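Student: After the sequence you'll find the predicted model.
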Amino acid sequence: MLHPLIAVSDSAFPNLDPARMLLAKCDAELRLAEEPTPDAILTVARNADAVLVTYAQVTGEMIRQMMRCRIIARFGVGVDNVDIGAATEAGIVVTNVPDYCIDEVSDHAMALLLALARKVSLANRHAHAGRWEMPSVAPIHRLRGSILGLLGFGRISQLLTPKAQAFGLSVISCDPLVEQQAMTRTGVEKVDFRELIRISDFISIHAPLVPETNRLFDGKVFRQMKPSAYLINTARGAIVDEAELAHALDRGQLAGAALDVLSREPPQNSPLLGRENVILTPHMSFYSEESLIDLQTRATEEVLRVLGGEEPHNAVNPEALKVRRQRGLSVDQSIRV
């Protein structure tokens, strides 16, 4: 394959230099869509050999018009913005980078927990407004001895656990896909979801957005939480019903929340804006200068593997590779690096 064409649907990076440096090994051409709309993306992707995507929606209709594409590589962990079924049917493998920012996200979740527990954000606003007084942020309770409930016990939760334990928190987790023994090794107690929301002083969400988790945290769940509990979300915004969260905060059914992700970003007329017991950060938990380089590099390496005739390391739909072989598509000319 001479001079492969690599399309980029959208980019949140300062530049694409790490990707360009890698792709230069195979003399590839990189084209960035002018805007993240279906028409603009297809302008660069319709005849591309690979597509790199960040946040843009890649629908089934778009995928069916990608005549040469062999891989859609996501700059990120979640792939809910790509129609996986349509990609599989087309014999296009979809990849992600599942562990590129686990240090950053676990650090951010811990930072949000500490900020909630010590009311750092509220105290900062009061101090800057001239209210140099402790009673304005009372009450604050001791962190040691509190219970942190983790929804999901994947890579991020496993890194967050010792950080929380170092502050004296007991850690419990709900994850039906992880055996008790795996949690026990790190001093974590496995519980079901009902127990998690009932006894946790802090709940930190680290689950994918799937039909079962879509708006999982709704009014019914908030009514079962401790009125002194806090909710932390660094996963996917749609896991939390934000309108119901606002109602629960109004009714005193939980003490506060810290959200790095929202169902609509940036928020517009969100009932969570302007609240003293809500901390919002702009979907930044993944970010460090190092993680951005790591992300670009590893996503692009997957493109090079697939176009070079190798299997990717992180295929979300490995069955797509079987579809290609069955249709005789795997004999396409491969690049030589």
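Tutor: Done, it's in. Numbers count the residues shown, from 1 in each chain.
Student: Quick one: the helices in the protein, in order.
Tutor: 17-23, 38-45, 60-63, 84-89, 102-118, 120-128, 155-166, 180-184, 193-199, 219-224, 242-250, 289-307, 319-326 (DSSP state H).
Student: any low-confidence regions in the protein?
Tutor: Low-confidence segments of the chain (pLDDT under 70): 1-2, 329-337.
Student: about what we covered before: tabulate the helices of the chain (CSV), appending mean neighbour count and distance to Ile172.
Tutor: To be clear about C-beta, it is placed using only N, CA and C from the backbone, and glycine gets the same treatment. Formatted as CSV, the helices of the chain follow (neighbours: other C-beta atoms under 10 Å; distance: least, C-beta to C-beta, whole Å):
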stretch, mean neighbour count, distance to Ile172
helix 17-23, 17, 39
helix 38-45, 19, 43
helix 60-63, 18, 39
helix 84-89, 18, 32
helix 102-118, 21, 14
helix 120-128, 15, 25
helix 155-166, 20, 10
helix 180-184, 14, 9
helix 193-199, 17, 6
helix 219-224, 16, 15
helix 242-250, 18, 21
helix 289-307, 20, 28
helix 319-326, 16, 35
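Student: Mind checking these for the one nearest to Ile205?
Tutor: For Ile205, the closest of the helices of the chain is helix 102-118, at 8.8 Å, according to C-beta to C-beta.
Student: got the contact list for that closest one?
Tutor: 120-121, 140-141, 143, 146, 148, 155-157, 159-160, 163-164, 167, 202, 204, 206, 230, 232, 234, 255-258, 260, 279, 281, 284-288, 291 (C-beta atoms under 8 Å, 6 or more residues apart in numbering).
Student: any idea of the angle that helix forms with helix 289-307?
Tutor: Calculated by axes from the mean of the first three to the mean of the last three C-alpha atoms, to 10 degrees, helix 102-118 forms an angle of 140 degrees with helix 289-307.
Student: Now helix 102-118 - C-alpha only, PDB.
Tutor: Provided in PDB are the C-alpha atoms of helix 102-118 (Å, rounded to 0.1, in the frame of the first residue of the first chain):
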ATOM      1  CA  ILE A 102      -5.600   5.900  34.300                       C
ATOM      2  CA  ASP A 103      -3.100   7.800  36.500                       C
ATOM      3  CA  GLU A 104      -4.700  11.100  35.600                       C
ATOM      4  CA  VAL A 105      -8.300  10.100  36.000                       C
ATOM      5  CA  SER A 106      -7.700   8.300  39.300                       C
ATOM      6  CA  ASP A 107      -5.800  11.400  40.600                       C
ATOM      7  CA  HIS A 108      -8.600  13.600  39.400                       C
ATOM      8  CA  ALA A 109     -11.300  11.500  41.200                       C
ATOM      9  CA  MET A 110      -9.200  11.600  44.400                       C
ATOM     10  CA  ALA A 111      -8.800  15.400  44.000                       C
ATOM     11  CA  LEU A 112     -12.500  15.800  43.600                       C
ATOM     12  CA  LEU A 113     -13.200  13.600  46.600                       C
ATOM     13  CA  LEU A 114     -10.800  15.700  48.800                       C
ATOM     14  CA  ALA A 115     -12.200  18.900  47.500                       C
ATOM     15  CA  LEU A 116     -15.700  17.800  48.400                       C
ATOM     16  CA  ALA A 117     -14.700  16.500  51.800                       C
ATOM     17  CA  ARG A 118     -12.800  19.600  52.800                       C
END
